[in-house]
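>>> next come a sequence and a model predicted from it.
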Amino acid sequence: MIQTVGIWVAVFLTLCIFSFLYKDNPFYKFAEHLFVGVSAGYWAMYSWYNVLLPNLGRPLFIEHELILLIPFILGIMMLLRLFPKIGWISRWPLAFIVGMTSGYYLVTFLQTNALEQARATIVPLQNINNIILVIGVITGLFYFFFSTEHRKAIGVMARIGRMFLMIAFGASFGYTVMARISLLIGRFYFLLGDWLRLL
Amino acid sequence: MLDKLLNIDRRIIFAVLTTIVIVAILFPMGLAIQISEPAKKLYREIESIPPGSYIFLSFDYDPASMAELDPMALAVIRHSFRKDLKIVSLGLWPQGVLLGQANLEKAAQEYGKEYGVDFVNLGYKTGGIVVISGISTDLRCIFPQDYTERNIDELPLLNGIDNLEPFKLVVTFSAGDPGVRDWVMIAQARYGKKVGCGSTAVQAPAFYPYLQAGQLVGLVGGMKGAAEYEQLVKLPGLATAGMDAQSLAHAVIVFSIIFGNVIFLLKKRSSSG
């Protein structure tokens, strides 16, 4: 019974959202606002019971792990932004987060996304894939080289680089279309299968 | 006439697309599915792992991406159970935990696997990259309990498992951040673990450089990738069933783009003439 009610609610909300394809209307607005409200409530409760209580509340106040006083105080400072007069205090924990995250990411990010990628472009030019790869990387870098005017040889390289970029954008757009159609198919499987039992 | 065609109501295109998708789902034609190399790579990697070994699965998605990621997660889990691999999982996205658990239970029922002995779900922890870093060195500190708040010391599968070291492979099913990038940055780059991924089609192009550089051992992208993996393990499921609709919808979109451009050029020529 509960499952049936759940399916009907999901069907109603799915159709409300789909109705936007015709034009904006109160059903769509209702579903949109409901989604925002439910999401906010869900996240608030989830964060309280699955993040704050097990990671801070219980260890600090029941098991007395005093080191957790530091994040507790930083958390309180962050909340002070709700009070305009002393809101500036929230910049300190923000500075801590920015500094810590930058430091944590910097080395690993550089290694993974710059050095390893650069290494992967140093390949023997024995097949067409490797040749295209090397030309694409070099000409792509020329396109983003702004210290000289894009004329003559540099201009040609930059134009070739732009073509590679366009092809990459096209592939990316193609994948995006595929993703959106997949979601549509997923919803229709739900409507035709779980609801109408036609599958 | 050309003006009318250029300003065609977009709702007509929506209606055509919807009709095509519904018809293709109701009357499947079984169009051929070509299997790509990135999907084969992940399949071969799992196939090469000796039975009884451990693999780690990360369910980093939510219901919005279920249509793409659920079928591939199920196919990889079925493949792993069929190979008699032990699965430990978590979710870097909170809703991924239960979606992953549903797939694990479904496959466990088919292959007679038992929770705590053949597979374990550790649950969700906030932090993304910090969680990966934590479990790479001290899994028990980050996850003293599983997703049901059961002490992990009570789960026989995790006896002697203290970090990611015993795992032959990590596979993340990712819909965004935290996800593939974080696993590559920490588990692969810092701790040398092999990482494979299933990702939504939207972000798949961003991960091909990782694959080319050897930072990913395999990549299953979108519903098409999921269908390919289902073909590889010879267990057709929802993704395979959806491929007819996907292909026909793409054909409609390609036709619309060509049609729109031809009409635009004809209009341009008639205006200049």
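That came in fine, so what should we check first?
>>> give me the three-state assignment for the one residue in chain A that gets nearest to chain B.
Nearest residue of chain A to chain B: A:Gly186, at 2.4 Å (C-beta to the nearest C-beta). (Glycine included, C-beta is placed from N, CA and C.) Secondary structure assignment for A:Gly186 (DSSP: H, G, I helix; E, B strand; the rest coil): helix.
>>> what's the answer for A:Glu149, then?
coil.
>>> tally up the residues packed near it, please.
9 (other C-beta atoms under 10 Å in any protein chain shown).
>>> and the helix ranked longest in chain B, what does it pack onto?
Longest helix in chain B, counting residues (DSSP state H): helix B:238-272. In terms of contacts (3 or more C-beta pairs under 8 Å, 6 or more residues apart in numbering or on different chains; DSSP states H and E), helix B:238-272 is packed against helix A:152-189, helix B:2-6, helix B:10-26, helix B:66-82, helix B:222-232.
>>> for that helix, what does the pLDDT average out to?
Mean pLDDT, helix B:238-272: 92.
>>> next: stretch B:33-43.
For stretch B:33-43, mean pLDDT is 97.
>>> which residues sit against that stretch?
Residues from elsewhere that reach stretch B:33-43, judged by C-beta atoms under 8 Å, 6 or more residues apart in numbering or on different chains: B:76, B:79, B:171, B:196-198, B:208, B:211, B:217-221, B:224-225, B:227-229, B:231-233, B:240, B:243.
>>> please see if stretch A:46-62 touches chain B.
Yes: applying C-beta under 8 Å from any C-beta of the partner chain, one finds stretch A:46-62 in contact with chain B at A:46-47, A:50-51, A:55.
>>> with adjacent residues omitted, what lies nearest to residue 51?
I'll assume chain A. Spatial nearest neighbour of A:Val51, chain neighbours left out: B:Thr126 (4.8 Å); criterion: C-beta to C-beta, 6 or more residues apart in numbering or on different chains.
>>> wrong chain, I was asking about chain B
B:Asp84 (4.0 Å).
>>> list the contacts for the most centrally placed residue in chain A?
Residue closest to the mean C-alpha point of chain A, counted by C-alpha atoms, centre = their mean, is A:Thr176 at 14.2 Å. Listed by C-beta under 8 Å, 6+ apart, the contact set of A:Thr176 reads B:201-202.
>>> where do the helices sit along chain A?
Assigned by DSSP H, the helices in chain A fall at A:2-18, A:26-47, A:58-61, A:69-79, A:91-110, A:116-120, A:128-143, A:152-189.
>>> so which residue of the stretch 1-150 of chain B comes closest to chain A?
B:Ala67 (2.4 Å).
>>> JSON lines please, covering the helices of chain A and showing mean pLDDT.
Formatted as JSON lines, the helices of chain A follow (pLDDT from 0 to 100):
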{"stretch": "helix A:2-18", "mean pLDDT": "95"}
{"stretch": "helix A:26-47", "mean pLDDT": "95"}
{"stretch": "helix A:58-61", "mean pLDDT": "92"}
{"stretch": "helix A:69-79", "mean pLDDT": "95"}
{"stretch": "helix A:91-110", "mean pLDDT": "91"}
{"stretch": "helix A:116-120", "mean pLDDT": "93"}
{"stretch": "helix A:128-143", "mean pLDDT": "94"}
{"stretch": "helix A:152-189", "mean pLDDT": "95"}
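>>> B:Glu114 is nearest to which of those?
Nearest to B:Glu114 among the helices of chain A is helix A:2-18 (26.1 Å), distances taken as C-beta to C-beta.
>>> report all helices and strands that that closest one contacts.
By 3+ C-beta pairs under 8 Å, 6+ apart, helix A:2-18 packs against helix A:26-47.
>>> buried residues in the helix it packs on, which are they?
A:27-28, A:31 (16 or more other C-beta atoms under 10 Å in any protein chain shown).
>>> at the contact with chain B, which residues of chain A appear?
Residues of chain A lying near chain B (C-beta under 8 Å from any C-beta): A:21-22, A:46-47, A:50-51, A:55, A:104-105, A:108-109, A:111-113, A:116-117, A:119-120, A:133, A:168, A:171-172, A:175-179, A:181-189, A:192, A:198-199.
>>> start and end of stretch B:80-91, how far apart?
Stretch B:80-91 has its terminal residues 18 Å apart, counting by C-alpha to C-alpha, to the nearest Å.
>>> need the residues that contact it.
Everything outside stretch B:80-91 that qualifies as a contact, by C-beta under 8 Å, 6+ apart, is B:46-47, B:49, B:51-60, B:77, B:97, B:99-101, B:104, B:107-108, B:110-111, B:113, B:118-125, B:131, B:135, B:143, B:157-158, B:161, B:167, B:233.
>>> next step: these restricted to strands.
B:54-60, B:119-124, B:167 (DSSP state E).
>>> spell out which residues of the stretch 151-273 of chain B are next to chain A.
So the stretch 151-273 of chain B meets chain A at B:181, B:184-186, B:188-190, B:200-202, B:204-205, B:209, B:212-215, B:221-224, B:238, B:241-242, B:245-246, B:249-250, B:253 (C-beta under 8 Å from any C-beta).
>>> quick one, which of those residues are buried?
For these, buried by 16+ other C-beta under 10 Å: B:181, B:184-186, B:188-190, B:200-202, B:204-205, B:209, B:212-213, B:215, B:221-224, B:238, B:241-242, B:245-246, B:249-250, B:253.
>>> and B:Met185, its phi and psi?
As for B:Met185, its main-chain torsions (degrees, to the nearest 10) stand at phi -60, psi -40.
>>> any idea how far B:Ser136 is from it?
Separation of B:Met185 from B:Ser136 (C-beta to C-beta, to the nearest Å): 11 Å.
>>> again, but for B:Ser53
18 Å.
>>> B:Gln34 now?
Computed as C-beta to C-beta, the B:Gln34 to B:Ser136 distance reads 37 Å.
>>> who touches A:Leu192 in this structure?
Contacts of A:Leu192 by C-beta under 8 Å, 6+ apart are A:198-199, B:22, B:25-26.
>>> where is pLDDT lowest across those residues?
A:Leu199 (86).
>>> nearest residue to that one other than its sequence neighbours?
Once flanking residues are discounted, A:Leu199 sits nearest to A:Gly193: 4.0 Å by C-beta to C-beta, 6+ apart.
>>> helix/strand/coil for the spatially most central residue of chain B?
Of all residues in chain B, the one closest to the mean position by C-alpha atoms, centre = their mean is B:Gly198, 3.1 Å from it. Look at B:Gly198: counting by three-state DSSP, its state is strand.
>>> ok, it touching B:Ala175?
No: counting by C-beta atoms under 8 Å, B:Gly198 does not reach B:Ala175; the two are 9.8 Å apart.
>>> what's the local residue count around residue 110?
No chain in the question, so chain A it is. Residues lying near A:Leu110 (other C-beta under 10 Å) number 11.
>>> that's the other chain; I wanted chain B
If you count neighbours by other C-beta under 10 Å, B:Glu110 ends up with 14.
>>> so what's B:Gly196 bridging to?
B:Val171 (DSSP bridges).
>>> surely it meets B:Val217?
Yes: contact criterion C-beta under 8 Å: B:Gly196 and B:Val217 qualify, at 4.8 Å.
>>> overlap of the contact sets of those two?
Contacts common to B:Gly196 and B:Val217, judged by C-beta under 8 Å, 6+ apart, are B:41-42, B:45, B:169.
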